[in-house]
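Visitor: mind looking at a prediction? Sequence and model below.
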Amino acid sequence: MTETDIQDIESHGNVGIRPYQMYGAMANSAGGFHKVGFVKKDLYNQVRRQRKEISSDASAAVKYLRDLGKTDQLMFVSHSVDKDNRLERLFWCDGESRKNFEVFGDVLAFDATYRKNKYNCPFVVFSGVNHHNQTIVFATGLVTRETEETYVWLLEQFVCAMQGKTPVSVITDGDLAMKNAIIKVFPKAHHRLCAWHLLRNATTNVGIHESMRYLKRCMLGDIKISKFEEIWGEMVSKFGLEDNMWIKEMYAKRKMWSTAHIRGFFFAGLRTTSRCEALHSHLRQFVHSKINLFKFVQQFQRCLTYFRFREVEADFQSNYGEPVIQSGLRSIEKSAANQYTKEIFNMFKLVLSKCMLLKVLEVQEMSSCRIYKVGKYCGNGEAWYVTHSEYAVDKFKCSCLRMESIGLPCDHIVCVLVFLDIAELPTCLVLPRWTKIAKDLIVGSYPGGSLYWDSQVTARYSSLVKMSKDVAELVYDDLDDYHRVVDVHNAELKRLKAKHPKGKTAVGSSTMDVNVLDPPQVRTKGCGFNPTPTPRKRRRGPTCGDCGNTGHNKRFCPNSKTAADDAVTPITYEDNLATASTAADLSDF
């Protein structure tokens with residue numbers, strides 16, 4: 001096995017290729033299994049040898065993250081240990097994540113996922129939404145226990161990494177430890193519960209399928225508080241849920257999940273933690289339940305690089321090419337296309353299509369503003385009120401509060417813009433976080449951050465090997481060129497050996513400045529408390545159909561007459577020995 005083969009094995013392993021797949025790929029490149037140069041057992045031995053080069057899994061993981069700080073000056077890493085010096089909590093975020101939080105840190109969603117490493121340590125991802133409506137990662141953490149104290153520590157490290165900035169809104173799955181930690185660390189943030197988790201819990205705690213229609217409308221419907229109370233009361237009385245404890249708890253927490261009560265708080269359109277679930281699902285392509293911590297943090301950084309490259313592609317698609325103008329409001333639509341990113345512009349086009357069905361019913365003059373009453377064409381009497389103040393600040397505000405909740409002007413405001421014959425979107429209706437220039441202030445803070453790939457050393461090694469092969473193919477048949485190239489290589493080899501007398505060391509084999517023991521095997525949430533594991537039950541043998549005893553069937557039952565007639569005397573060891581002796585005696589004849 002050559003050094004090039006070893007480098008290929010390490011590169012294949014870094015991108016999640018299993019050893020049995022590596023051997024097939026090498027055989028395919030070499031032209032057959034007989035041309036690989038080594039057998040599959042040698043490959044497995046090399047993989048095992050590379051794993052043993054890491055003295056401590058937890059120490060190697062912490063050291064790897066700290067070593068990233070040599071190229072990323074804004075890298076933030078923090079960890080804590082228990083009384084036995086075992087890794088208890090690990091938190092990290094790189095420079096690009098910290099800079100992204102400066103622009104898109106108004107909304108924060110976080111959730112824990114399980115069985116992503118061999119210690120079963122819960123993995124917590126802090127994520128948000130960028131100007132392309134894509135999921136971005138702000139920070140990550142590995143913990144051994146999901147307690148209130150643990151989440152308080154994680155959120156405190158998060159605030160420290162973000163230099164004291166806290167989010168405006170937070171969305172979680174409703175875990176009690178998370179909720180208490182948010183109250184302590186983010187006291188001014190608006191906390192919203194995930195609608196998907198609440199509806200799933202409703203099917204378990206209520207158990208009435210017909211009531212789900214009422215719950216969904218109370219939870220997701222764009223209704224007023226008075227309408228919410230009407231629908232909720234009708235549901236409780238119709239299905240007899242007055243004594244249901246879960247319904248009572250949900251009503252007490254209605255300001256954390258009801259759209260009618262949350263209206264006006266900015267959540268960037270997030271109503272569930274599905275983005276966190278999607279990120280966890282994508283992470284499965286890079287990690288598995290038997291991976292160690294050192295490989296886990298490596299693979300997660302590669303997963304993060306993939307997500308960031310999607311943003312680079314979205315930037316290219318937004319900045320190049322002309323969008324197709326489809327509505328009759330060409331000037332407003334073109335103004336939105338020039339400012340919003342492609343994904344946000346597609347969302348705004350839906351607003352324009354709804355605007356066509358609205359009209360201004362009446363205008364009321366006030367001392368400092370005008371109030372426009374907007375209704376649907378041939379509607380049922382429902383109306384919205386848009387306030388326009390053009391004296392102090394050219395500002396629009398609608399009674400639906402969709403601009404304050406999502407950051408995009410609603411169809412009622414656009415209807416007023418058309419009524420006032422305004423050709424372009426006013427600056428007050430364009431939220432900077434949704435525009436193409438949202439990240440202009442932080443561009444250059446992390447050169448090459450989006451395209452960073454930590455296998456650049458391996459890539460340089462491969463390029464040198466390829467260059468050496470090209471030189472060898474050109475000079476091996478010319479004696480003069482051969483001697484000249486050999487002299488150059490020998491001189492350069494002597495210089496490099498003098499510079500590196502001990503040679504290069506493998507990743508993770510160097511002396512570590514972090515002394516942390518591996519975490520214990522963690523019992524994830526939902527497993528329950530089981531101090532004494534229950535022994536596995538032995539497999540039950542055959543049961544007789546006549547007597548009901550185990551160990552035999554109906555045919556061989558000793559109490560059955562049929563079995564007695566058909567019984568066959570078992571052949572013993574002595575019978576076999578006698579038969580063998582007789583055969584030996586016959587062979588003597």
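Guide: Now that the structure is in, tell me what you want to look at.
Visitor: alpha carbons only for contacts and neighbour counts from here, please
Guide: Fine.
Visitor: give the buried residues for the host helix or strand of Phe101.
Guide: Per DSSP states H and E, Phe101 falls inside helix 95-104. Neighbour counts over helix 95-104 (16 or more other Cα atoms under 10 Å) mark Gly95, Glu96, Ser97, Arg98, Lys99, Asn100, Phe101, Glu102, Val103, Phe104 as buried.
Visitor: now, which of those sits nearest Cys218?
Guide: For the buried residues of helix 95-104, the minimum distance to Cys218 (Cα to Cα) is 29.0 Å, reached by Phe104.
Visitor: chain center to stretch 347-365, what's the gap?
Guide: Stretch 347-365 sits 38 Å away from the centroid of its parent chain (Cα atoms, centre = their mean, to the nearest Å).
Visitor: can you list contacts of that stretch?
Guide: With contacts defined as Cα atoms under 8 Å, 6 or more residues apart in numbering, stretch 347-365 is touched by 327, 329, 333, 336, 370-377, 408-412, 414-416, 419.
Visitor: same thing with stretch 7-25?
Guide: Counting by Cα under 8 Å, 6+ apart, 33, 40, 43-44, 47, 285-287, 295, 298-299, 455, 458 sit against stretch 7-25.
Visitor: would you list the buried entries among the residues you listed?
Guide: Among those, those classed as buried by 16+ other Cα under 10 Å are Phe33, Leu43, Val47, Phe286, Val287, Lys295, Gln298, Gln299.
Visitor: and for Val475, the neighbour number?
Guide: Val475: 15 surrounding residues under other Cα atoms under 10 Å.
Visitor: how much space separates it from Gln7?
Guide: Distance of Val475 to Gln7, computed by Cα to Cα, to the nearest Å: 26 Å.
Visitor: quick one: the strands in the chain, in order.
Guide: With DSSP state E, the ranges of strands along the chain come out as 76-81, 87-93, 107-113, 123-129, 135-143, 169-172, 190-193, 358-365, 370-376, 383-389, 395-398.
Visitor: could you dump those into TSV and include distance to Leu431?
Guide: Shown next, in TSV, are the strands of the chain (distance: least, Cα to Cα, whole Å):
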stretch	distance to Leu431
strand 76-81	30
strand 87-93	27
strand 107-113	14
strand 123-129	14
strand 135-143	18
strand 169-172	16
strand 190-193	20
strand 358-365	24
strand 370-376	23
strand 383-389	18
strand 395-398	13
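Visitor: nearest to Met467, out of the ones you listed?
Guide: Among the strands of the chain, the nearest to Met467 by Cα to Cα is strand 87-93 (37.0 Å).
Visitor: what's the mean pLDDT across that closest one?
Guide: Strand 87-93 comes out with an average pLDDT of 93.
Visitor: can I get that strand in CSV, CA atoms only?
Guide: The C-alpha trace of strand 87-93 is given here as CSV (Å, rounded to 0.1, in the frame of the first residue of the first chain):
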residue,chain,number,x,y,z
LEU,A,87,-16.5,16.1,28.2
GLU,A,88,-19.9,17.3,29.3
ARG,A,89,-20.7,20.2,26.9
LEU,A,90,-19.1,21.4,23.7
PHE,A,91,-20.2,24.6,21.8
TRP,A,92,-18.7,26.1,18.7
CYS,A,93,-19.4,28.5,15.8
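Visitor: can you tell me what sits against that strand?
Guide: Strand 87-93 is contacted from outside by 58, 65, 75-82, 138-145, 150, 154, 157, 161, 516-519, using Cα under 8 Å, 6+ apart.
Visitor: partners of it, with directions?
Guide: Strand 87-93 has the following sheet partners, assigned by DSSP bridges: strand 76-81 (antiparallel), strand 135-143 (antiparallel).
Visitor: just those strands: most buried one?
Guide: strand 135-143 (a mean of 23; mean count of other Cα atoms under 10 Å).
Visitor: how far out from the middle of the chain is it?
Guide: The answer for strand 135-143 is 8 Å, by Cα atoms, centre = their mean.
Visitor: restricting to C-alpha, output it in CSV.
Guide: Extracted in CSV, the C-alpha atoms of strand 135-143 (Å, rounded to 0.1, in the frame of the first residue of the first chain):
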residue,chain,number,x,y,z
THR,A,135,-31.6,27.7,6.4
ILE,A,136,-28.4,28.9,7.9
VAL,A,137,-26.5,27.7,10.9
PHE,A,138,-25.5,30.2,13.6
ALA,A,139,-23.9,27.8,16.2
THR,A,140,-23.9,24.2,17.3
GLY,A,141,-23.5,22.3,20.6
LEU,A,142,-23.0,18.7,21.9
VAL,A,143,-24.3,17.9,25.3
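Visitor: mean confidence for that strand?
Guide: Strand 135-143 shows a mean pLDDT of 93 in the predicted model.
Visitor: hmm, who's touching that strand?
Guide: So strand 135-143 is contacted by 88-94, 97-98, 100-101, 121-130, 150, 154, 158, 275, 279, 304, 307-308 (Cα under 8 Å, 6+ apart).
Visitor: what's the answer for stretch 34-42, then?
Guide: The contact list for stretch 34-42, computed with Cα under 8 Å, 6+ apart, reads Met1, Tyr20, Tyr23, Met26, Ala27, Ala30.
Visitor: which of these has the largest number of neighbours?
Guide: Of these, with other Cα under 10 Å as the count, Tyr23 tops at 20 neighbours.
Visitor: ok, so what distance separates that residue from Gly240?
Guide: Tyr23 sits 64 Å away from Gly240, going by Cα to Cα.
Visitor: kindly report the same for Glu156.
Guide: Going from Glu156 to Gly240 by Cα to Cα gives 44 Å.
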